[in-house]
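Colleague: Predicted structure and sequence below. I'll ask about it afterward.
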4 protein chains.
Amino acid sequence: MPRPAPGRRADYAWFTRLDLRFNDNDVYGHLNNAVHYQLFDTAVAEWQAGAGFATGAGTPWLDLVVESGCRYIGEAAYPDKVDAGLRLGRLGNSSWSYEIGLFRNSDDSAFAEGFFAMVLTDFESHRPCPLPDEIRALFERLRPGS
Amino acid sequence: MPRPAPGRRADYAWFTRLDLRFNDNDVYGHLNNAVHYQLFDTAVAEWQAGAGFATGAGTPWLDLVVESGCRYIGEAAYPDKVDAGLRLGRLGNSSWSYEIGLFRNSDDSAFAEGFFAMVLTDFESHRPCPLPDEIRALFERLRPGS
Amino acid sequence: MPRPAPGRRADYAWFTRLDLRFNDNDVYGHLNNAVHYQLFDTAVAEWQAGAGFATGAGTPWLDLVVESGCRYIGEAAYPDKVDAGLRLGRLGNSSWSYEIGLFRNSDDSAFAEGFFAMVLTDFESHRPCPLPDEIRALFERLRPGS
Amino acid sequence: MPRPAPGRRADYAWFTRLDLRFNDNDVYGHLNNAVHYQLFDTAVAEWQAGAGFATGAGTPWLDLVVESGCRYIGEAAYPDKVDAGLRLGRLGNSSWSYEIGLFRNSDDSAFAEGFFAMVLTDFESHRPCPLPDEIRALFERLRPGS
């Protein structure tokens, strides 16, 4: 079964640089497979903060991660530097997904690619609520080439 | 789009109890979404060790995680206790997948379900190698109801 | 400079068993030195919860860790099991310390010993407040041999 | 009992900037107290790598952390940026200590200060061995103002 080709930097719309830590490496000397999700989480949080997409206490919304996934393409290890690229994946009525590519040092080819499937809920009721237009507008910036 | 019903304990073949830690909870007061993968990793390592499926240094093989995923169904938080259930998913020539369900305290319905897609490689060359019969026999124990 | 002898189980008053995780081991194949503090934190949280010593939101108090330390005596690694022993260290007007010993499998001699120096503060003002008698009574249970 | 004044940037000799992660914050909304040690560990590893002080496999030496400690002075939380300052503490025949100050964003006053007490051992025998002159020379660069 052929695997899709690894993503390239041009396939992503927004980037942030993330440090690794000595203890991110496991006994095999490369990143433990759970670390990738810490990096995804941090990249998404940074984009949301920078874009002004606030959720949680003090806002009407709570955004929930309903699914996540990662395809491990190559190895990376502390002390490598990592650039996380972000783009919009699926976009629905109250749901969307972030797609994240992790790039090692100056590599143009991702060593890992993953996603977070998200749903916007009402802060009080925790029930899905439609994505407001101002959030949809922010998401447009996450299309590669935008 | 309807989501599949959460798995039940009877859907899994082997179980191990895992502790949570105070720092597993994030600012939302429940498990950070990367912690689930640490639990998956530990459950798989415990099963492999108990089954005598050794890989890495001193063996002919290295097993690699090529993909992982998690569906977040409900919440769990320290100090909950977690039972991880394990079962065999796909089985190919040199690849297979572990499927893991996480159960909170005495719940019969999983709060999260995920998988690790694995490939067996030659320790030296890192090239895929066929799963030997003795490993296939171990995997049979991971079929629910076996 | 001679180092103190490692503590023994009889030197501690209360115990809890803690699991390790695959990713707790670093490239040297044993617990990364920060993991010990996650274990200390969890042991303290379990004792406080079991003893009914609640702090934080919904209580008048916030307890702060003002200092921590760990002496690494021997090695431990996943998949070892760890018993954490707890005892009271210093006891002041609004401050106290927890002392924690970590024991590997059935070893009677600690592989690590550490402490958390704590201060009780008013939840609102964050200023130190005297330890109430009911908390002092709980602490008496943390004296070895009590 | 008066506590020592927090260290300032001028009290340290070498600096590295470290990122925080979303999951570093615990339920109190600031760094979990074990995260500080991950940061210390990473700062020390970066200095040693940059200075050419290699230990472990392929070298005659293994350096062990025999004790660690941290004084928590103020709060920090993701998404703060952290500068870790490093300096030499004690220096003995085969032992030494690194002292680390953590600075939040552009603060001149440390929010946490800690140490790692180290010993150099023979890679094979794990017995302490005298610090060679070339390592002592490297340590001189870790004196503030040097």
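Modeller: Cool, the structure landed.

Colleague: check whether stretch A:118-128 contacts chain D.
Modeller: No: interface with chain D: stretch A:118-128 contributes nothing (Cβ under 8 Å from any Cβ of the partner chain), its closest point being 14.3 Å away. C-beta here means a position set from N, CA and C on the backbone, and glycine is covered the same way.

Colleague: which parts of chain A sit against chain C?
Modeller: Chain A comes close to chain C at residues A:22-23, A:25-27, A:29, A:32, A:34-35, as judged by Cβ under 8 Å from any Cβ.

Colleague: Chain D: which of the residues you listed is nearest?
Modeller: Minimum distance to chain D across those is 4.5 Å, recorded for A:Phe22 (Cβ to the nearest Cβ).

Colleague: For chain A, which residues are neighbours of chain B?
Modeller: Residues of chain A lying near chain B (Cβ under 8 Å from any Cβ): A:3, A:28, A:32-35, A:37-38, A:41, A:56, A:64-72, A:116.

Colleague: Mind checking which of those residues are buried?
Modeller: Among those, those buried by neighbour count (16 or more other Cβ atoms under 10 Å in any protein chain shown) are A:32-35, A:37-38, A:41, A:64-72, A:116.

Colleague: what pairs with the helix or strand where A:Arg17 lies, and is each one parallel or antiparallel?
Modeller: Assigned by DSSP states H and E, A:Arg17 belongs to strand A:14-18. The pairing partners recorded for strand A:14-18 under DSSP bridges are strand A:82-91 (antiparallel).

Colleague: Let's test this: mean pLDDT of the helix or strand that the partner strand is followed by, rounded?
Modeller: Going down the chain from strand A:82-91, the next helix or strand is strand A:95-104, by DSSP H and E. Strand A:95-104 comes out with an average pLDDT of 98.

Colleague: buried stuff in the helix or strand just after strand A:95-104?
Modeller: Remark: after strand A:95-104, the chain's next helix or strand is strand A:112-122, criterion DSSP H and E. For strand A:112-122, the neighbour count (16+ other Cβ under 10 Å) marks A:112-121 as buried.

Colleague: looking at it, A:Ala49 is touching D:Tyr78, isn't it?
Modeller: No: look at A:Ala49 against D:Tyr78 with Cβ atoms under 8 Å: they stay out of range, at 9.9 Å.

Colleague: what about the two, which has more around it?
Modeller: Set A:Ala49 next to D:Tyr78 and count neighbours by other Cβ atoms under 10 Å in any protein chain shown: D:Tyr78 wins out with 23 against 13.

Colleague: tell me the phi and psi of the closest residue to the more buried one other than its chain neighbours?
Modeller: Once flanking residues are discounted, D:Tyr78 sits nearest to D:Leu20: 4.0 Å by Cβ to Cβ, 6 or more residues apart in numbering or on different chains. Dihedral pair for D:Leu20: phi -100, psi 170, per degrees, to the nearest 10.

Colleague: In chain A, where is pLDDT below threshold?
Modeller: Across chain A, the ranges flagged by pLDDT under 70 are A:1-2.

Colleague: how about a cut-off of 80?
Modeller: Along chain A, the model assigns pLDDT under 80 to residues A:1-3, A:146.

Colleague: what does it put close to chain D?
Modeller: Within chain A, the positions adjacent to chain D are A:17-19, A:21-23, A:38-39, A:41-42, A:45-46, A:49, A:78-79 by Cβ under 8 Å from any Cβ.

Colleague: By residue count, what's the longest helix in chain A?
Modeller: Selection of the longest helix in chain A by residue count, based on DSSP state H, yields helix A:35-51.

Colleague: Report the distance from it to the chain centre.
Modeller: From the chain centre to the centre of helix A:35-51 is a distance of 6 Å (Cα atoms, centre = their mean, to the nearest Å).

Colleague: Please apply the same query to stretch A:137-146.
Modeller: Chain-centre distance of stretch A:137-146: 14 Å, with Cα atoms, centre = their mean.

Colleague: buried stuff in that stretch?
Modeller: For stretch A:137-146, by 16+ other Cβ under 10 Å, it's A:138-139, A:142, A:144.

Colleague: I'd like those laid out as a markdown table, including secondary structure.
Modeller: As requested, the buried residues of stretch A:137-146 are exported to a markdown table (DSSP: H, G, I helix; E, B strand; the rest coil):
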| residue | secondary structure |
| --- | --- |
| A:Leu138 | helix |
| A:Phe139 | helix |
| A:Leu142 | coil |
| A:Pro144 | coil |
